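A.B. asks: pasting the sequence and the predicted coordinates here, then a few questions.
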Amino acid sequence: MALPWLAALAASLAAGAAAAQREAPGARSDPPSRALTPRGPLGADELANIEVFKRVSPAVVHITTLEVARDFFSRSVQQVPRGTGTGFVWDMQGHVVTNFHVIQGGDAARVTLADQSTHKATLVGAFPDRDLAVLKISLPRDKLHPIAIGSSRDLQVGQRVYAIGNPFGLDQTLTTGIVSALNREIDSANQRTIRGVIQTDAAINPGNSGGPLLDSAGRLIGVNTAIYSPSGASAGIGFAIPVDEVNRIVPRLIRDGRISRPALGIAAASEQLHRALRLPEGVALLQITPRSPADKAGLQAFARAADGSIIAGDVITAINDEPVHNLDDMLTLLEKRQPGDSVNLTLWRSGRTRKQTVVLAGD
């Protein structure tokens, strides 16, 4: 005698077979997808974003720095990745601009273009004081897409900006924002002060360093160089070196491989001595090199007399009427000039002020 559950199973199978016979032949159809809703044309701001990215992204590159690694046992030598960053094509000769700290400490570098082709790069020159470096790649001219250069002197807070870079190694990433503030100050890789820096809320993360900050016309207005963030990721406060500074330094790096700062031939007193002598703001002269521009112009350094008293020297308080508050100010002003240029120094000594013309020499 069949068990009751076997009888129930047989009845269920029979019902399923009858239902299958009633259905149309072939597989069961999928449930229908929902109908698409037309979106209409893109907004003007979206079209502007798309147009800037399409036009400028071919100029943006991914930089990988390499270092030499030696195997302890086999003594074999190979290059291994050290870090990554961003850069951009400067001209049709294959020069690529990036931050100095992107390539700092590396033995070699590779540049990956927007078409994903990778090329060996050589170092042309670097200026750590402004966190800038120039590399060079050898490519046919039709493969190079130099970035358009804008101006930073006429920027206004509130202007729209774009950043293109490789945050966390994710290449060709576009972020947008505004100019949040102008004339900020940050420290360079060697602790020199970089002035006139652009602050932006466009998302800038590790890997964006060395990439371009663009205006709404797609022109370069700055080089993204740092972020302020307790977590290390974007906190809406990013900084870019202004393009006017970049456009002054990069051609000199391409020509000379370094920035040759004009020299006065002086050694500056320390801040502690400056305060101890209660001197006005400026650069107090502690030593003057013989036959230097300062020596030829009759400048005098502070010195100690035989009886231990202080012989008053000169304090440089301005160069061409631009105030000099400290040594960093003086170096910044001198960097804007060339050896052989004449400058007018404002000098303070023992409460009296005078002006003296000096012809700058090479460093």
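C.D. replies: Received the coordinates, thanks.

A.B. asks: got any ranges where the stretch 251-363 of the chain has weak pLDDT?
C.D. replies: Within the stretch 251-363 of the chain, the segments meeting pLDDT under 70 span 363.

A.B. asks: in it, which spans are strands?
C.D. replies: Taking DSSP state E, counting those that start in this stretch, the strands of the stretch 251-363 of the chain run over residues 266-268, 283-288, 303-304, 310-311, 315-319, 322-323, 342-349, 352-359.

A.B. asks: of all those, which one is nearest Ile164?
C.D. replies: Nearest to Ile164, of all these, is strand 322-323, at 34.7 Å by CB to CB. The way it works is simple: take the backbone N, C-alpha and C, and place the C-beta from them, glycine included.

A.B. asks: parallel or antiparallel, list what pairs with that closest one.
C.D. replies: strand 315-319 (antiparallel) (DSSP bridges).

A.B. asks: off-centre distance for the partner strand?
C.D. replies: Offset of strand 315-319 from its chain centre (CA atoms, centre = their mean, to the nearest Å): 31 Å.

A.B. asks: then stretch 113-126?
C.D. replies: 16 Å.

A.B. asks: give me the residue at the spatial middle of this structure.
C.D. replies: Thr225 (3.1 Å; CA atoms, centre = their mean).

A.B. asks: looking at the strands of the stretch 251-363 of the chain, which is nearest to Pro128?
C.D. replies: Among the strands of the stretch 251-363 of the chain, strand 266-268 sits nearest to Pro128 (CB to CB), with 19.5 Å.

A.B. asks: so for stretch 28-35, mean pLDDT?
C.D. replies: Average pLDDT, stretch 28-35: 84.

A.B. asks: can you mark which positions in it are buried?
C.D. replies: Residues of stretch 28-35 classed as buried by neighbour count (16 or more other CB atoms under 10 Å): none.

A.B. asks: endpoints of it, how far apart?
C.D. replies: 21 Å (CA to CA, to the nearest Å).

A.B. asks: wait, Asn247 sits on Ile147?
C.D. replies: No. Counting by CB atoms under 8 Å, Asn247 does not reach Ile147; the two are 11.3 Å apart.

A.B. asks: those two - which one has more neighbours?
C.D. replies: Between Asn247 and Ile147, Ile147 has the larger neighbour count (other CB atoms under 10 Å), namely 22 against 15.

A.B. asks: secondary structure element holding that one?
C.D. replies: Using DSSP states H and E, Ile147 sits within no helix or strand.

A.B. asks: my read is that it contacts Val89, right?
C.D. replies: Yes. Contact criterion CB under 8 Å: Ile147 and Val89 qualify, at 6.3 Å.

A.B. asks: residues shared between the contacts of the two?
C.D. replies: Ala59 (CB atoms under 8 Å, 6 or more residues apart in numbering).

A.B. asks: and the gap between Ile316 and Val343?
C.D. replies: 10 Å (CB to CB, to the nearest Å).

A.B. asks: ok, those two, which is more surrounded?
C.D. replies: Taking other CB under 10 Å, Ile316 and Val343 do not tie; Ile316 has more neighbours (25 against 19).

A.B. asks: care to break the chain down by domain?
C.D. replies: As assigned by automatic domain parsing, the chain contains the domains 55-143, 160-256, 266-359.

A.B. asks: out of the ones you listed, which comes closest to Arg39?
C.D. replies: Short answer: domain 160-256, nearest of these by CB to CB, at 20.5 Å.

A.B. asks: ends of that closest one, what's the gap?
C.D. replies: Note: domain 160-256 ends 35 Å apart using CA to CA.

A.B. asks: just how off-centre is that domain within its chain?
C.D. replies: On CA atoms, centre = their mean, the centre of domain 160-256 falls 5 Å from that of its chain.

A.B. asks: stretch 99-115 too?
C.D. replies: 12 Å.

A.B. asks: ok, now stretch 85-102?
C.D. replies: Taking CA atoms, centre = their mean, one finds stretch 85-102 lying 10 Å from the centre of the chain it belongs to.

A.B. asks: pull out the buried residues from that stretch.
C.D. replies: For stretch 85-102, using 16+ other CB under 10 Å, the buried residues are 85-91, 94-102.

A.B. asks: mean confidence score for that stretch?
C.D. replies: 94.

A.B. asks: the stretch 1-150 of the chain: helices as residue ranges?
C.D. replies: Along the stretch 1-150 of the chain, counting by DSSP state H, counting those that start in this stretch, helices occupy 4-22, 44-56, 100-103.
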